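Novice: okay, predicted coordinates and the sequence, questions at the end:
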Amino acid sequence: PERAGNQNLIRRFVREARVTGRLEHPAIAPLYDLIDDPTDGDEPHYVMRFLHGRTLAEAAGEYHAARAAGRPPALDLRALLDRFL
């Protein structure tokens, strides 16, 4: 909310959404729509495909919890890095 009125950040958000919308790759969620009309009174926003599964934050939390418990297999870090990429 404290950055909502920052026009530089709004322009950057819209520019990055437009670039993301042109990307086509199996590891990138498609962007379906970008709403950036300043006359509608809404903040700019975009619509992307909903992806099921664990978030990166959940996967990282599980990895670090297992590591703190002294039981992460060596491949867990690799799996976490693959998820990040």
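Specialist: Now that the structure is in, tell me what you want to look at.
Novice: mind checking what secondary structure the residue in the chain sticking out farthest from the centre has?
Specialist: Going by Cα atoms, centre = their mean, the residue of the chain most distant from its centre is residue 70, 29.8 Å out. Residue 70 carries the three-state label coil when classified by DSSP: H, G, I helix; E, B strand; the rest coil.
Novice: which SSE is residue 79 in?
Specialist: Applying DSSP states H and E as the criterion places residue 79 in helix 74-84.
Novice: and that helix, what's buried?
Specialist: residue 80 (16 or more other Cβ atoms under 10 Å). Placement of C-beta: from N, CA and C, glycine included.
Novice: for the residue farthest from the centre of the chain, give its distance to residue 51.
Specialist: In this view, residue 70 and residue 51 are 32 Å apart by Cβ to Cβ, to the nearest Å.
Novice: now the helix holding residue 79: mean pLDDT?
Specialist: The pLDDT scores in helix 74-84 average 76.
Novice: chain center to it, what's the gap?
Specialist: Here helix 74-84 is found 18 Å from its chain centre; the criterion is Cα atoms, centre = their mean, to the nearest Å.
Novice: which secondary structure elements does it contact?
Specialist: Where contact means 3 or more Cβ pairs under 8 Å, 6 or more residues apart in numbering; DSSP states H and E, helix 74-84 is packed against helix 56-68.
Novice: scan this structure for its longest helix.
Specialist: helix 7-22 (DSSP state H).
Novice: quick one: low-confidence parts of this structure?
Specialist: Across the chain, the ranges flagged by pLDDT under 70 are 38, 40, 73-74.
Novice: try it again at 50.
Specialist: The model of the chain has no residue with pLDDT under 50.
Novice: so which helix or strand takes in residue 33?
Specialist: strand 31-35.
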